[in-house]
Every structure is written in structure tokens, then in C-alpha cells.
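Asker: need the 3D shape of this:
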Amino acid sequence: MTGTTRYSEPDPASKEFEISFRDEDNVTQTDRQNAERSVAALVARAKEAAEQDRAAEAGLVELTDPLNAPFRKLIEEDPHAVKALEKLRTCELLKLSDTTDTLQHDEPLATPDVSPRAESGFAPPYDFDWNFHIDHPPVKKTHDRFTGTLQLEARSGLVDEGAPGRVIAHAGCGVWMVFENPGKKFPRAFLNPGSFAFHVKTVGVGSNATSEGGFELAVFEDGRFLTSASRRLWRSRISGFEEAQGRDGPLSITTPNVEFNLRPGHGYSVNAFIWVVTDRSTGVGAAAAVSRISARMPRMSVIS
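Answerer: I've put the predicted structure just below:
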């Protein structure tokens, strides 16, 4: 999906993210500020989207709670059921060996399909890398501008190192762009190879679990958000007495098409990044969720 929604001006000084630069001692103040503003803008967008998701989830709970209430009452009034529930919540619902064994960084599957009209190509080392999270942090994160390696793993609920709530995590790399010719530009980014895995499980009345992840590219003018394109790699949400899991890779993954209009006298940058989400609600029961992406980003390009 693509978007050009304008959000409130972010505050880079809040430092709700981590960022580092390829040549720390020689980064100009303007480039540093624009990079920090771009990541702050991504934080603001992610927070707004998270609040919208939270509101939608609250609306769903409001509708389903009256349906679950009679079953909840039966369980809470049964001493044997209460004891079983207490024991259930001391267990790990998911075994990580079944979900997140090491996903290997093999050689690229094929050379990225870069148009001969590409005006600029970027390969590691990229100009800067960064990460941030909302609510709880991921258990694993890698963002290496020197190799283009990106990894995230989020866990929520009854799983080893599972957070007691929602995890939203982003990690990526960015480049500054200099062009001689104004006009329309078409940036792209590639994961090659890329792999992902997820696992969700729920047991009980009113319990649910969510896992999702994706790959996104965003364009900034003087550090201000212009447009973006996101490819969701998976989403799984279950409830009640259910379980779902999946994995894929190694894959070659490209961001969806996106375009912007370059204007003379402005500085432009592109951030390409992976993102993962896990969340769960125990209800009268238990739940767990795991999300993982492991990839290498060998190239970004801009086509005129």
C-alpha cells in the first residue's frame, strides 16, 4: 500500500529511536538533522497507526465481551477450572524450536532486477541505520548499514522472553540522495535473501493473538515525510482455541511501486526497513505470539 498522509511534525529531540551514521565524524549538521527527522516521522506514523489499531481492537472487544461473559462466569465459579487456569498461565504455549530456528543468510537468489534507467544505485554501506519500538521492545534486532543485514524478532505472551503486551518494532537503513535532474523519481529497495516465520496460539474464552510483519520504503524531503509503500508479508490473528504458524524463504522481495516529485533546492532521503508486530489478550485463558524477519538488503535504486 502507498500513502501520502501528513502527520504532525515529529520531534527528533525526543530520541524515541536509535540511529547511527556510516561516517559519524564527517556527517553534516543538515544531513544529521534530516536523517533524525525522517526516523522521528516514522515513529510518529507508527504511533498513530498503533493507536488506530488499538481503538479498532477495543471496539471489537466491546462487541464480543457480552458474548463471552456467561462462559467467563462459569469458569470463574468453578474451583477446578480456576486451578487449571492458574496452572495454564505458568506454561509456555509455544516452543521456539518449532518457530524461530536460525534462518540462514544464503547468497542472493538472483541479481536484483534494476532498470537500465536507474539514475542512482545504493549498496552497503548505507549512510545510516536505525531502529525503534512501540510499547515493548523486540527480543532480537539487527540493523547493519555496513552489510545491509536486517533482523527483528518479537514475542508476546506465554513464550520464552515474551512481552506482557504488544510489541511493534522497526529496523532499517537510509541513504541521502543527490540528483542533477528534477522531476518524477521511482525508488525501490530489495531484500535478497529474506525469510520470515510466525507462530500464534490461543487457549481459552476471549483470548486472541496477532502476528504480522512487512517491508517498507519511505521518502523524505528535508526530513519531512513525502510518501511510502509497504508490502505486508503476513498477518495472522486467531482467537479461542486455535493455533497457526508459517514460514517462507529464502525469498527475493521488492518494495511496491512508489513515486515522488523531486524539486530543486531540497534534500531527499530514502529509508527502507522491516517491521514486525506481536500482541495477545489472555481473556479467560492464555495466548502467545511470535514474529520474525531475517534478511539482507543488497541494494536500493532510484529510477527517473
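Asker: contacts, neighbours, all on C-alpha from now
Answerer: Fine.
Asker: how much space separates residue 221 from residue 163?
Answerer: Applying C-alpha to C-alpha, to the nearest Å, the value for residue 221 to residue 163 is 36 Å.
Asker: pick out whichever of those two has more residues nearby.
Answerer: Remark: of residue 221 and residue 163, residue 163 carries more neighbours, 23 against 19, as counted by other C-alpha atoms under 10 Å.
Asker: look at the more buried one and report its pLDDT.
Answerer: The model reports residue 163 with a pLDDT of 95.
Asker: which residues touch it?
Answerer: Residue 163 makes contact with 136, 155, 156, 157, according to C-alpha atoms under 8 Å, 6 or more residues apart in numbering.
Asker: and residue 217, by the same measure?
Answerer: Applying C-alpha under 8 Å, 6+ apart to residue 217 gives the contacts 188, 189, 228, 229, 230, 255, 270, 271, 272, 273.
Asker: give me the phi and psi for the second one.
Answerer: Its backbone dihedrals place residue 189 at phi -140, psi 160, with angles given as degrees, to the nearest 10.
Asker: what count of nearby residues applies to the nearest residue to it once chain neighbours are set aside?
Answerer: Excluding the flanking residues, the one nearest residue 189 by C-alpha to C-alpha, 6 or more residues apart in numbering is residue 300, at 4.3 Å. Neighbour count for residue 300, taken as other C-alpha under 10 Å: 26.
Asker: with residue 17 instead?
Answerer: 19.
Asker: same deal with the one 4 residues further on?
Answerer: The criterion is other C-alpha under 10 Å. On that basis, residue 21 has 19 neighbouring residues.
Asker: can you say which of the contacts of residue 163 are buried?
Answerer: 136, 155, 156, 157 (16 or more other C-alpha atoms under 10 Å).
Asker: so the first one sits against residue 165, correct?
Answerer: Yes - counting by C-alpha atoms under 8 Å, a contact exists between residue 136 and residue 165, whose distance comes to 7.1 Å.
Asker: tell me who's in contact with the residue lying closest to residue 140 once chain neighbours are set aside.
Answerer: Nearest-residue entry for residue 140: residue 153, 5.0 Å, with adjacent residues in sequence omitted and distances by C-alpha to C-alpha, 6+ apart. The contact partners of residue 153, taken as C-alpha under 8 Å, 6+ apart, are 138, 139, 140, 141, 276, 290, 291, 292, 293.
Asker: tell me the one of the residues you listed nearest residue 205?
Answerer: Nearest to residue 205 among those is residue 290, at 20.6 Å by C-alpha to C-alpha.
Asker: if we can go back for a sec, restricted to strands, list the contacts of residue 163.
Answerer: Under the assignment DSSP state E, the contacts of residue 163 contribute 155, 156, 157 to strands.
Asker: would you say residue 36 is within a strand?
Answerer: No - under DSSP: H, G, I helix; E, B strand; the rest coil, residue 36 falls outside any strand and is assigned helix.
Asker: any idea how far residue 125 is from it?
Answerer: Taking C-alpha to C-alpha, one finds residue 36 at 18 Å from residue 125.
Asker: these two: which has the busier surroundings?
Answerer: Higher neighbour count among residue 36 and residue 125: residue 36, with 24 against 19, using other C-alpha under 10 Å.
Asker: residue contacts, the nearest residue to residue 200 once chain neighbours are set aside?
Answerer: Counting by C-alpha to C-alpha, 6+ apart, the nearest residue to residue 200 once its immediate chain neighbours are dropped is residue 289, at 4.4 Å. The neighbours of residue 289, taking C-alpha under 8 Å, 6+ apart as the test, are 155-157, 159, 198-201, 209-211, 278-280.
Asker: tell me the one of the residues you listed nearest residue 45?
Answerer: Out of the contacts of residue 289, the member with the shortest distance to residue 45 (by C-alpha to C-alpha) is residue 278, at 17.9 Å.
Asker: which strand or helix spans the residue nearest to residue 200?
Answerer: Following DSSP states H and E, one finds residue 289 within strand 284-296.
Asker: quick one: the helices in the protein?
Answerer: Along the chain, the stretches classed as helices by DSSP state H are 29-76, 79-88.
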